[in-house]
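1. here is a sequence together with a model predicted from it:
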Amino acid sequence: MLDGRILLDIPPSAVLDMRRHGIAPEALDVVLVSHLHADHAFGLPFHLLDCILRSAGETPLAIVGPPGLRAHSEELFALAWPGLDVTKLTPKRRVEYVELQPRREVKVADIAVSAIPMSHFGLVAYGYRVTCQGVRLAYTGDTGDCGEIDELTNDVDALILELTHIAPTRDADHLDVATVARVAEKVRGRGGKVFATHMSVPPTHVPAGVTACEDGKTYWT
Ligand SMILES: [Zn+2]
Ligand SMILES: [Zn+2]
């Protein structure tokens, strides 16, 4: 999460986790969905229900992601909550979907965001470049090693990247520790900070200079 109001992907436990850590889901302005795998998007039906029943707010919640996001979200909602038709309910807080085309920057709430296609199982899977209060951030979502990582991370003040594998791997669809070390060295060499998420490895195994993010903790204030 960025700035207490921009969520980078929405896993199934997102609403619960936010409440557990004292963050009200209604504090969110924007949810950026990198791709439609379950660990990144299955929190949508829980969050939509929260918007329908509980969350207040004058401004709409923007849910941003690849083309097909809205249909996917409504399909998930129908599967998750049989008997409730999300298209006929009046939510306490409005939801707006923003389906992005690659490399076209849009303004959402008070942030600028552009999507860079990553390499992940042949899906439309986006990394995001976000400018928020003058700070330039990049988030990889899930990706294998690919040339677009340079495009994504060029000139950013901070990078949040996935680190799935502790050892060098042949998995072409996620990053391993060797690739993360290489990418981090470039970003840090330009003065940027690097944070790792999506880890199946203990935080002790991240490359030097990379901060392993843990749930509920705040970094870089
Ligand atoms: Zn994935
Ligand atoms: Zn994932």
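-> Nice, thanks for sending it over. Remember, it's a predicted structure, so these values are computed and weren't measured experimentally. Ligands and ions are numbered 1, 2, ... in the order given.
2. and the protein, which of its residues are near ligand 1?
-> Proximity of the chain to ligand 1 is confined to 37, 142 under the rule Cβ under 5 Å from the ion. Bear in mind the C-beta positions are built from the backbone N, C-alpha and C, glycine included.
3. repeat that for 8 Å
-> Counting by Cβ under 8 Å from the ion, the chain comes close to ligand 1 at 34-35, 37, 39-40, 120-121, 123, 125, 141-142, 173-174.
4. what subset of those is buried?
-> 34-35, 37, 40, 120, 123, 125, 141-142, 173-174 (16 or more other Cβ atoms under 10 Å).
5. any chance of the residues of the chain next to ligand 1 in CSV, plus pLDDT, distance to V95 and secondary structure?
-> Converted to CSV, the residues of the chain next to ligand 1 look like this (pLDDT from 0 to 100; distance: Cβ to Cβ, whole Å; DSSP: H, G, I helix; E, B strand; the rest coil):
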residue, pLDDT, distance to V95, secondary structure
S34, 98, 18, coil
H35, 98, 19, coil
H37, 98, 21, coil
D39, 97, 21, helix
H40, 98, 18, helix
H120, 98, 25, coil
F121, 98, 27, coil
L123, 96, 23, coil
A125, 98, 22, coil
G141, 98, 21, coil
D142, 98, 24, coil
D173, 97, 30, coil
H174, 97, 30, coil
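6. which parts of the protein are helices?
-> 14-20, 38-41, 44-53, 69-80, 148-153, 177-189 (DSSP state H).
7. how about low-confidence regions in this structure?
-> Scanning the chain for pLDDT under 70 picks out no residues.
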